[in-house]
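Visitor: No letters, just coordinates:
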């Protein structure tokens, strides 16, 4: 196995994980073109290849603090359809950061696709920050498809904060997140997506608040440009004394379309569930204010978009 990165590898890894592979430390598992590229483990974080299917088990010992694990994926082989199953087992009282993401470089006329199915088992009182960035590039007209599925099980007192960003170049994506929360657990999701040209993006959140005093805060911010299409769906089930706040904000430009489909089910009298959605074009007063400072209309639009996605 040749684990020496080429220039494309380096660029993609910087884009999706902000890492320099030559300086990478700690636990990591880099997958390239459907195979293991390079791996490292630590005394408290072990990574094991699955025997029955493509994927890995990431085992984080209880009480592990201030450590991180990188698991990015690179696709450069034309026409590859890559599916991987990654399971994260986070021990009690651990406090860790997990950086994932996938980058596709496609110079062909064929479709390149990566479907990542990630399942999190977060132990009692553990804290996890999970970062997942998606990026596509290439000179060909082949499609770049990314379909991430995230399944989350939070034990009592556990917390998971998930940040996802779709940077550019993704032809289509179906992003599915399912979460099941026990007592006093908390799930925070921050999603940012920009689509252009004829790209399509579908986001589907399903959260069960099963434990007393469990809570979730879901924020989706998106920009839809040109003739692209986006759909945001959320389904929050409040089954006990709990709290949920779902916020969907989108800016629509050109001939793009955005659909928001909210659902909140209060199945208990003490369930407190809130959903907010705001979809519209860039406000004229915002453009005028920035243009009065000397910016062109395009520069002003760029400033507003960058600020919206921060």
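Guide: Here it is on my side, so go on. None of these values were measured; they are calculated from a predicted model.

Visitor: Give me the neighbour count for residue 16.
Guide: Residues within reach of residue 16, counting by other C-beta atoms under 10 Å, total 25. Any C-beta I mention is one placed from the backbone N, CA and C, and that applies to glycine too.

Visitor: if I've got this straight, residue 269 is in a strand?
Guide: No - counting by DSSP: H, G, I helix; E, B strand; the rest coil, residue 269 is not part of a strand but coil.

Visitor: How about the backbone phi and psi for it?
Guide: Main-chain dihedrals, residue 269, degrees, to the nearest 10: phi -60, psi -20.

Visitor: per-residue confidence at it?
Guide: Residue 269 is assigned 97 on the pLDDT scale.

Visitor: Surely residue 22 forms part of a helix?
Guide: Yes - with three-state DSSP as the criterion, residue 22 is assigned to a helix.

Visitor: From residue 9, how far off is it?
Guide: Plainly put, residue 22 is 11 Å away from residue 9 if you go by C-beta to C-beta, to the nearest Å.

Visitor: For those two, work out which one has more neighbours and name it.
Guide: Between residue 22 and residue 9, counted using other C-beta under 10 Å, the more crowded position is residue 9 (20 against 7).

Visitor: For that one, which non-adjacent residue is closest in space?
Guide: Among residues not flanking residue 9 along the chain, residue 74 sits closest, at 5.9 Å (C-beta to C-beta, 6 or more residues apart in numbering).

Visitor: Now for the one you found, how many residues are close by?
Guide: If we define neighbours as other C-beta under 10 Å, then residue 74 has 25 of them.

Visitor: give me every residue that touches it.
Guide: Residue 74 makes contact with 8-9, 12-13, 30-33, 37, 102-103, 105 under the criterion C-beta atoms under 8 Å, 6 or more residues apart in numbering.

Visitor: do that again at 10 Å, thanks
Guide: Shown in contact with residue 74 (C-beta atoms under 10 Å, 6 or more residues apart in numbering): 5-6, 8-9, 11-13, 16, 30-33, 37, 82, 101-105, 114.

Visitor: Likewise for residue 229?
Guide: So residue 229 contacts 172, 195, 198-202, 255-259 (C-beta under 10 Å, 6+ apart).

Visitor: can we see that at 8 Å?
Guide: Counting by C-beta under 8 Å, 6+ apart, residue 229 touches 195, 199-201, 256-258.

Visitor: Which among the contacts of residue 74 count as buried?
Guide: Taking 16 or more other C-beta atoms under 10 Å as the criterion, what is buried in those is 5, 9, 11-13, 16, 30-32, 37, 82, 101-105, 114.

Visitor: What ranges does the stretch 201-310 of the chain have for its helices?
Guide: Along the stretch 201-310 of the chain, counting by DSSP state H, counting those that start in this stretch, helices occupy 284-291, 297-308.

Visitor: correction: the stretch 1-150 of the chain
Guide: Residue ranges of the helices in the stretch 1-150 of the chain, as given by DSSP H, counting those that start in this stretch, are 7-17.

Visitor: Next one: residue 17, what pLDDT does it get?
Guide: Residue 17 is given a pLDDT of 89.

Visitor: Could I get the phi/psi values of the closest residue to it other than its chain neighbours?
Guide: Spatial nearest neighbour of residue 17, chain neighbours left out: residue 72 (4.6 Å); criterion: C-beta to C-beta, 6+ apart. Torsion angles at residue 72 (phi, psi; degrees, to the nearest 10) stand at phi -70, psi 160.

Visitor: For residue 72, give its distance to residue 304.
Guide: Look at residue 72 and residue 304: by C-beta to C-beta, they are 30 Å apart.

Visitor: Between those two, which is the more surrounded one?
Guide: Legend: neighbour count by other C-beta under 10 Å for residue 72 and residue 304, higher for residue 72 (25 against 18).

Visitor: Just list the residues touching that one, thanks.
Guide: 12-13, 16-17, 19, 30-31, 99-103.

Visitor: Can you give me the distance of residue 181 to residue 214?
Guide: Distance of residue 181 to residue 214, given as C-beta to C-beta: 4 Å.
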